[in-house]
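[1] I would like the atomic coordinates for the input below:
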Amino acid sequence: MLRADGGKLRALITDDEDSISQLIAMALRYEGWDVRTSATGQGALDAMREFAPDVAVLDIMLPDIDGMQVLSRLRSQGVTVPVLFLTALDSVDDRINGLTAGGDDYVVKPFSLEELIARLRGLVRRSQITQSAAPDPVIRVGDLTLNEDSYEVERGGEAIDVTSTEFELLRYLMRNPRRVLSKAQILDRVWTYDFTGKPAVVELYISYLRKKIDAGRTPMIHTVRGAGYMLKAADV
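    Numbers count the residues shown, from 1 in each chain. Below you'll find the predicted structure:
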């Protein structure tokens with residue numbers, strides 16, 4: 001895998017356990033990635049600006065600024081780079097909090113290195129950093145457009161900022177207009193890993209999209225009671 005410009009993929013690994021950071025970095029470098037590591041939250045924020053990674057691994061329990069705060073600051077600044085939380089916090093509430101904060105994946109320590117690398121590859125693919133062979137990168141449903149190359153979303157000509165997970169969810173809905181998609185179908189397409197309590201995550205991200213896509217406008221995202229969700233043009 002390469003970046004759209006043909007360069008190496010870039011990963012930022014932030015963990016105060018140096019052995020973990022170096023293990024992940026070594027595995028990614030072996031696959032041809034460019035890797036930067038950090039042991040603090042502030043270091044992660046600085047590296048995000050200087051290094052401009054394509055994906056980030058972020059521990060929650062850091063010695064200065066915790067990972068949740070780091071991600072919150074990044075998202076408030078409009079940084080949409082996919083973030084995978086790697087942490088010892090393993091309760092369902094911890095996972096929900098991590099995803100609610102804007103995280104795109106959540107892995108609990110101890111972890112499988114092979115699985116972690118696979119998840120990072122998946123996040124990069126979904127964030128549309130790699131080159132696309134699609135002749136027309138723009139998907140259109142009514143006045144809503146999504147550009148798979150530039151990662152831009154607009155409705156009625158107005159730009160809408162979305163995270164990588166929101167982007168993937170919206171893309172799936174827009175590729176299937178006027179089709180009812182069940183939570184199981186959405187989970188299989190957008191969340192390709194096992195996650196306890198995941199139906200609630202679908203509801204959560206649907207609500208996020210509604211606030212961004214439908215707020216103050218004729219709704220496009222509809223709930224079909226007992227069946228799932230459907231997106232259709234506002235004038236249909």
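[2] Ranking helices and strands of this structure by mean pLDDT, which lands last?
    helix 92-100 (a mean of 78; mean pLDDT, DSSP states H and E).
[3] In this structure, where is pLDDT below threshold?
    Applying pLDDT under 70 to the chain picks out residues 1, 4-6, 128-136, 192-198, 236.
[4] mind listing the strands for it?
    In the chain, the segments counted as strands under DSSP state E are 10-14, 34-38, 55-58, 83-87, 105-108, 138-141, 144-147, 152-155, 158-160, 221-224, 228-231.
[5] So for Arg121, which of those sits nearest?
    With Cβ to Cβ as the criterion, Arg121 lies closest to strand 55-58 of the strands of the chain, at 8.8 Å. Using the backbone N, CA and C atoms, a C-beta is placed for each residue, glycine as well.
[6] Show residues contacting the closest one.
    9-15, 24, 44, 48, 67, 70-71, 81-86, 103, 116, 120, 123-124, 127 (Cβ atoms under 8 Å, 6 or more residues apart in numbering).
[7] Give the pairing partners of it; include direction for each.
    strand 10-14 (parallel), strand 83-87 (parallel) (DSSP bridges).
[8] Please enumerate the helices of the chain.
    Taking DSSP state H as the test, the helices found in the chain are 18-30, 41-51, 67-76, 92-100, 113-126, 164-174, 183-190, 198-209.
[9] Just the angle for the shortest one relative to helix 198-209, thanks.
    Taking axes from the mean of the first three to the mean of the last three Cα atoms, to 10 degrees, helix 183-190 and helix 198-209 form an angle of 80 degrees between their directions.
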